[in-house]
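Asker: Based on what follows, work out the 3D shape:
(one chain, ligands or ions: 1)
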Amino acid sequence: MNSCYPFVNTPLPYAYNALEPFIDEKTMHLHHDRHLQAYIDNLNKLLEENPSLQKYSLEELVCSWRNLPCHLQVPIRNNAGGVYNHRFYFDSMKEPGTPCSAPRLFARMSWQFQSPENFKAEFKKAALSVFGSGYAWLILDRGGLKIITSSNQNTPLSRFMKPILNIDVWEHAYYLKHYNQRAAYIDDWFHVVNWNKAEERFLAA
Ligand code: MN3
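Answerer: Reported below is the predicted structural model:
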């Protein structure tokens, strides 16, 4: 993973059409090649103009934007966050039907959310509750799983939480296929969640 300046748009870990029929190829092209690319270009431009920031990793920029000079705080938060959140989202998905499992994470979900099904219902409710643009996240915070939401390109990393899973609910993530039906997009997204990756993050957190 390319984690320092100059940032490059690393390829998706699967083909653009791999998530069909749940997430369409055209959306994946636009989302990865244009939306994520724009955040990468903007972030590189900011760092090009501010060479003292070039030594920081993406995670450091995402976590410590509050320590930067005032005029850089919002642009760094938005653009470093945009790169981090999108990479995290794309890495959280896989071809539908490929076997994957998360035994330890599901055991914890059953304990904290009654059942994985109930977790999914709670997660969907949170993702639907995001007003405007943002994300829903499953995170680990002080040893406990929590579902949270974030606006725009804010990330839970900057609040010292360990992200396990996220869903992008900006309209560009689903509008071409699901129009304004965010609920249908969320239902489809559950078919392409990479639970192996979620388990890996859970065990590392
Ligand atoms: Mn997006």
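Asker: Need the contact partners of the helix or strand containing residue 41.
Answerer: The secondary structure element spanning residue 41 is helix 37-49 (assigned by DSSP states H and E). Under the criterion CB atoms under 8 Å, 6 or more residues apart in numbering, residues 5-9, 53-54, 61, 72, 75-76, 78-80, 82-83, 86, 153 lie in contact with helix 37-49. (Glycine included, C-beta is placed from N, CA and C.)
Asker: Beyond it, next helix or strand please.
Answerer: Tracing the chain C-terminally past helix 37-49 and defining elements by DSSP H and E, one meets helix 58-63 next.
Asker: now that following helix, how far from the chain's geometric center?
Answerer: Here helix 58-63 is found 14 Å from its chain centre; the criterion is CA atoms, centre = their mean, to the nearest Å.
Asker: Return the set of buried residues in that helix.
Answerer: Judged by neighbour count using 16 or more other CB atoms under 10 Å, the buried positions of helix 58-63 are 58, 60, 61, 62, 63.
Asker: And stretch 10-19, by the same measure?
Answerer: Using 16+ other CB under 10 Å as the burial criterion, the residues of stretch 10-19 that qualify are 12, 14, 16, 18, 19.
Asker: TSV please, covering those residues and showing distance to residue 174.
Answerer: Supplementary listing: these in TSV, determined by distance: CB to CB, whole Å:
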residue	distance to residue 174
12	17
14	18
16	16
18	17
19	12
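Asker: Name the nearest of those relative to the ion.
Answerer: If you rank those by distance to the ion using CB to the ion, residue 12 comes first, at 13.2 Å.
Asker: coming back round to it: so which of the buried residues of stretch 10-19 are in strands?
Answerer: When the buried residues of stretch 10-19 are checked against strands using DSSP state E, none is located there.
Asker: The residues you listed: which ones sit near the ion?
Answerer: Filtering these for proximity to the ion by CB under 5 Å from the ion leaves nothing.
Asker: Which ones among those lie within helices?
Answerer: The helices in this structure, assigned by DSSP state H, contain none of those.
Asker: For these, give me a markdown table that also has pLDDT.
Answerer: Putting these into a markdown table (pLDDT from 0 to 100) gives the following:
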| residue | pLDDT |
| --- | --- |
| 12 | 98 |
| 14 | 98 |
| 16 | 98 |
| 18 | 98 |
| 19 | 98 |
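Asker: Tell me if I am right that residue 138 is in a strand.
Answerer: Yes - under the criterion used here (DSSP: H, G, I helix; E, B strand; the rest coil), residue 138 sits inside a strand.
Asker: ok, now how distant is it from residue 188?
Answerer: In this structure, residue 138 and residue 188 are separated by 18 Å, where distance is defined by CB to CB, to the nearest Å.
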